[in-house]
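[1] Attaching a predicted model along with its sequence, questions to come.
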Amino acid sequence: MEMNQDLITKILFIQKNEITEFYVYSYLARVSKEENNSKILQKIGDDELSHYHYWKNVTGEEVKPNRLKVFFYNFIARLFGITFSIKLMEKGEQKAEAFYSEIEKQIPEARKILMEEQSHENSLINLINEEKLNYAGSIVLGLNDALIELTGALTGLTFAIQNSKIIALAGLITGIAASFSMAASNYLSEKAKDESKKSIKSAIYTGVAYLITVFLLVMPYLILPTALLALPFTIVIALLIILVFNFYISVAKEFSFKDRFMEMVMINLIVIIITISIGTLVRKVFGIEL
């Protein structure tokens, strides 16, 4: 088959993409602790290698993987989990898919490879069983409750007391106590549905998510000199937590990022506005000066 330079360049891009994904999947298969997950990942990796060899026969050239991408997705997998890493990688392949569409006129096999790859990989990826995702609901519970409860409490205390150290102390005591309460409630709720050890793990995920959120939100009050200066930073941290977690869930669980993000932001802003009013009212009515 006669090929022009533009077509060769596009095929070489796809070829490089296939060998890069082979290295990513193969590495994840080796480090995965779950035997079933390891087999699935290796199967996907073998498919990528097979596609690479097909394109190598077309171009007659060897192509090296993108080592930076391999390192990046492996690092992301260790940080956020295998499912998040590979779904993020697959989401970033729009350019490769566009090239497949462009070259299928000259190489009809390209469309078949693309369709097989998409349907096969998606079905295999959905078979991956990862603990972090199984307990995503528990993490959401801890995050949501901590964000709403503590952001509201810190905002109200800021306008009522305006002493950063006292507010930080009150926030930590309230937050730590609430995290244990939330974990216990989640444990009892899960145990009522399931007598297995899942209820304990679920409670731990909820409690830890709550505690981490508490410390992040209180941190500005421990570092900055005034409460009114610390409050904007706490609100920004709350928004960043919402942003990062919703991005994670939207990729890993394939939910709508925009809808979930805006919903959580609006709830927190409403709580902040209400607690500002309550804090100011309490300060004026009771004449609290600390």
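    Arrived safely, thanks for sending.
[2] Count the neighbours of I274 for me.
    13 (other CB atoms under 10 Å). C-betas here are computed from N, CA, C, even on glycine.
[3] nope, N4 is what I meant
    N4 has 8 neighbouring residues, counting by other CB under 10 Å.
[4] Equivalent analysis for N163, please.
    18.
[5] For it, give its distance to I237.
    20 Å (CB to CB, to the nearest Å).
[6] Kindly report the same for I8.
    On the measure of CB to CB, I8 and I237 end up 50 Å apart.
[7] more crowded one of those two?
    Neighbour count, other CB under 10 Å: between I8 and I237, I237 has more, with 18 against 15.
[8] list the contacts for that one?
    Taking CB atoms under 8 Å, 6 or more residues apart in numbering as the criterion, I237 is in contact with L216, L217, M219, P220.
[9] number of nearby residues for the third one?
    If I follow you right, that is M219. 16.
[10] Contacts only, for it.
    So M219 contacts I237 (CB under 8 Å, 6+ apart).
[11] Ranking helices and strands of this structure by mean pLDDT, which lands last?
    helix 131-134 (a mean of 63; mean pLDDT, DSSP states H and E).
[12] Tell me which other helices or strands the helix or strand that that one is followed by touches.
    Proceeding N to C from helix 131-134, the next assigned helix or strand is helix 136-160, under DSSP states H and E. The contact analysis (3 or more CB pairs under 8 Å, 6 or more residues apart in numbering; DSSP states H and E) places helix 136-160 against helix 164-193, helix 198-223, helix 227-252, helix 257-286.
[13] Quick check: T20 touching K69?
    Yes. Taking contacts as CB atoms under 8 Å, T20 lies within contact range of K69: 5.2 Å.
[14] the more surrounded of the two?
    Neighbours per residue (other CB under 10 Å) separate T20 from K69, with T20 holding more: 22 against 17.
[15] which strands and helices sit next to whichever strand or helix holds the more buried one?
    Here T20, judged by DSSP H and E, is contained in helix 5-31. On a contact count with 3+ CB pairs under 8 Å, 6+ apart, helix 5-31 meets helix 35-59, helix 67-80, helix 82-91, helix 94-103.
[16] Which per-residue confidence value corresponds to the spatially most central residue of the chain?
    Residue closest to the average C-alpha location in the chain (CA atoms, centre = their mean): Y248, at 1.8 Å. pLDDT for Y248: 78.
[17] for E102, same thing?
    71.
[18] Now it: closest residue in space that isn't a chain neighbour?
    Using CB to CB, 6 or more residues apart in numbering and skipping the chain neighbours, the partner closest in space to E102 is K10 (6.3 Å).
[19] D46 versus the one you found, what's the distance?
    Using CB to CB, K10 is found at 24 Å from D46.
[20] ok, these two, which is more surrounded?
    K10 (20 against 14).
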